[in-house]
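# Coordinates for the following, if possible.
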Amino acid sequence: MKEVEETEYWLELCQAAKNYPDTLSLQEKLKSIQLIIAKIITTSKKNL
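Below is the predicted model:
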């Protein structure tokens, strides 16, 4: 999850930059990826 949080941070910085393309679609995709990773982690911990 640390990588997802770091990516989210960088996308927020890019969004704040005036000359950088819009990152909202990437942020939405990242949220989906974050949910998938969280489910994988939860399932993996259950199966230990």
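# And stretch 17-24, what's buried?
The neighbour-count check on stretch 17-24 (16 or more other C-beta atoms under 10 Å) flags Thr23 as buried. Where you see a C-beta, it was placed from the backbone N, CA and C, and this is true even at glycine.
# where does Leu11 land on pLDDT?
Note for Leu11: predicted pLDDT of 95.
# List the residues that contact the residue nearest to it when sequence neighbours are not counted.
Spatially, and ignoring its direct neighbours in sequence, Leu11 is nearest to Thr23 (4.7 Å; C-beta to C-beta, 6 or more residues apart in numbering). Contacts were defined as C-beta atoms under 8 Å, 6 or more residues apart in numbering; by that measure Thr23 touches 11-12, 14-15.
# now, which of these lie within strands?
Among the contacts of Thr23, none falls in strands (DSSP state E).
# Restrict these to the buried ones and give me that as a ChimeraX selection.
The ChimeraX selection below is limited to those of the contacts of Thr23 classed as buried (16+ other C-beta under 10 Å):
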select :11
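# Quick check: the two most widely separated of the contacts of Thr23?
Maximum pairwise distance in those, criterion C-beta to C-beta, is 7.3 Å, between Glu12 and Cys14.
# And the longest helix seen in the chain, what's buried?
Criterion DSSP state H: the longest helix present in the chain is helix 24-46. Going by neighbour count (16+ other C-beta under 10 Å), the buried part of helix 24-46 is 26, 30.
# Quick one: distance of that helix to the chain centre.
Averaging C-alpha positions (C-alpha atoms, centre = their mean, to the nearest Å) puts helix 24-46 7 Å from its chain's average.
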